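Participant: Sequence and predicted structure are below.
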Amino acid sequence: MLLNQPNVWNCLIVVALLMVLCTAFAYHVNSRRLENDPKKKSYHPLAILLAPITLPFLVISSVSFFLLRVVTYGVFLILFTFALLFIRKPFILEWLKKNALAIGNLLLEANTLLIRLFLGPRAGSRGSA
């Protein structure tokens, strides 16, 4: 019903022509650059004609990916809240504590090794490691 109106098709044609003009201008500017210019790219001339097809596809896929990320974040946020409220055993907090301790211990060992490696005997031993 919406696509039966002539104004919609006229607007789509204008937008498609605008996209082709933008890509043609960018191709023209790129082709006039010197050969040793690091900004010069090797574009195919037919890429200009694909602009009205690829731009809407990229916009729709970007918006879809963003909405998928938003929904996934919302679901995890709700599930995490319910897990904290309804499950009395704080398994998430215990898991976080265990992993934080493991990562922290690894970092402390690596940093202590680096200090002893670079400072040698001058480092002294302040801890029991």
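Facilitator: Everything's here; your move.
Participant: buried residues in the helix ranked longest in the chain?
Facilitator: As assigned by DSSP state H, the longest helix anywhere in the chain is helix 51-86. By 16 or more other Cβ atoms under 10 Å, the buried positions in helix 51-86 come out as 51-52. In this view, the C-beta of every residue, glycine as well, is placed from N, C-alpha and C.
Participant: helices and strands around it, which ones?
Facilitator: helix 6-31, helix 91-119 (3 or more Cβ pairs under 8 Å, 6 or more residues apart in numbering; DSSP states H and E).
Participant: and the angle for the last one with helix 51-86?
Facilitator: Our comparison of helix 91-119 with helix 51-86, counting by axes from the mean of the first three to the mean of the last three Cα atoms, to 10 degrees, yields an angle of 110 degrees.
Participant: Give me the packing partners of helix 91-119, helices and strands only.
Facilitator: Helices and strands touching helix 91-119, by 3+ Cβ pairs under 8 Å, 6+ apart, are helix 51-86.
Participant: How far off centre is the helix it packs on?
Facilitator: 13 Å (Cα atoms, centre = their mean, to the nearest Å).
Participant: now the angle from that helix to helix 6-31?
Facilitator: For helix 51-86 against helix 6-31, the angle by the same axes, to 10 degrees is 100 degrees.
Participant: residues in contact with residue 16?
Facilitator: residue 52 (Cβ atoms under 8 Å, 6 or more residues apart in numbering).
Participant: Just the pLDDT at it, thanks.
Facilitator: On the pLDDT scale, residue 16 is placed at 89.
Participant: And for residue 129?
Facilitator: On the pLDDT scale, residue 129 gets 50.
Participant: dump the residue contacts of the closest residue in space to residue 47 that isn't next to it in sequence.
Facilitator: Nearest non-adjacent residue to residue 47, counting by Cβ to Cβ, 6 or more residues apart in numbering: residue 23, 7.0 Å away. Residue 23 sits next to 47-48, 51 when contact means Cβ under 8 Å, 6+ apart.
Participant: from the residues you listed, which is closest to residue 39?
Facilitator: Checking the contacts of residue 23 against residue 39 with Cβ to Cβ, the nearest one is residue 47 at 16.8 Å.
Participant: Having no further points to raise, I will conclude here.
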